[in-house]
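>>> Provided below for reference: sequence and predicted model.
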Protein chains: 2
Amino acid sequence: MPSKKNLDVAEAEAEAEAASADVWSADCPSRRVLELIANKWALLLIPLLRGKPQRNNELLRKVGGISQKMLTQTLRDLELNGLVLREDHQTVPPHVDYRLSPLGLSLSRTLIAVDRWAEANHAQIDAARQEARK
Amino acid sequence: MPSKKNLDVAEAEAEAEAASADVWSADCPSRRVLELIANKWALLLIPLLRGKPQRNNELLRKVGGISQKMLTQTLRDLELNGLVLREDHQTVPPHVDYRLSPLGLSLSRTLIAVDRWAEANHAQIDAARQEARK
DNA sequence: CAGAATCCACCCGGATACTG
DNA sequence: CAGTATCCGGGTGGATTCTG
């Protein structure tokens, strides 16, 4: 296991925070973070934004079922909270790129595990629901 | 890295599923799984149910801000989908225990990482939001 | 203790039309 | 291309009351 020496200041602070923060407490600020990411569009968008910056239309096509309204709204929300960076190239026609901040990238590594779990285990979930319907 | 030999049949099947399933496709069954867990109460309850079976009132106290209605509704939903097992001891006064199924336990390992991330990084999120408000 | 049942205000999110 | 603006139906979820 890594020693304290391998942690930089920011990581050390984050670790200290984790010790005191408690998502199960209704008034803990960390609860707001949970509410920010506890929706399907955020769960799909954040992992999707790893890698190269992507444009509005690209994301609209890649995230099946999302509307322009929800895409914009979700991206704005994530941007406001420092997870996504919006880059407007100020050209005409417009060219806007979205990418993850370092903080967002960190989160994406956690959320992609959720997506993978859903993909890997949906058959068992479906089977359970079939069983319950009997 | 583990060889194929180390995977049992169920795990091999899950791996095969993951290769074909795609949460980003609106009509993929795995999307339903994502929608099942993409809400704050599920994200709080599932990791909380690791360890010993717990009772209604226990969960009601431990999950700050949840109402009896949402607790029951979420537990029923998770039970219907095979993630949670409900054990009614058929006594009077009533004694009902909730615990994770093996499938739910598997998921809890993924979701607890999300909760920990929220706890560890909420300060940076808060800072970003403060910055954006300027 | 563990809930079911009802009422209802809020807001989420889709559809549609418009803009620079 | 990358949005914004508006309308609006349906679902979410809190509060309250009742039950075995």
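Received it, and whenever you're ready, just let me know what you need. Residues are numbered from 1 along each chain as shown, chains lettered A, B, ... in the order given.

>>> I'd like the distance between A:Val96 and A:Glu79.
11 Å (C-beta to C-beta, to the nearest Å). For every residue, glycine as well, the C-beta is placed using N, CA and C.

>>> residues from chain A in reach of DNA strand C?
Counting by C-beta under 7 Å from any atom of the strand, chain A comes close to DNA strand C at A:Asn39, A:Lys40, A:Trp41, A:Gly65, A:Ile66, A:Ser67, A:Gln68, A:Lys69, A:Met70, A:Pro93, A:Pro94.

>>> Where does pLDDT dip in chain A?
By pLDDT under 70, the weakly predicted segments of chain A are A:1-8, A:13-16, A:18, A:134.

>>> most residues in a single helix of it, which one?
helix A:102-133 (DSSP state H).

>>> Show me what counts as buried in it.
Buried residues in helix A:102-133, counted by 16 or more other C-beta atoms under 10 Å in any protein chain shown: A:103-104, A:106-108, A:110-126, A:128.

>>> ok, and does it reach over to chain B?
Yes: residues of helix A:102-133 contacting chain B under C-beta under 8 Å from any C-beta of the partner chain: A:103, A:106-107, A:110-111, A:113-129, A:131-132.

>>> tilt between that helix and helix B:102-133?
If you take axes from the mean of the first three to the mean of the last three C-alpha atoms, to 10 degrees, helix A:102-133 sits at 140 degrees to helix B:102-133.

>>> name the helices or strands packed onto helix A:102-133?
The elements that helix A:102-133 packs onto, with contact taken as 3 or more C-beta pairs under 8 Å, 6 or more residues apart in numbering or on different chains; DSSP states H and E, are helix A:40-48, helix B:9-20, helix B:29-37, helix B:68-80, helix B:102-133.

>>> Check which helices and strands the first one is in contact with.
Okay, so that is helix A:40-48. So helix A:40-48, by 3+ C-beta pairs under 8 Å, 6+ apart, packs with helix A:29-37, helix A:56-62, helix A:68-80, helix A:102-133, helix B:29-37.
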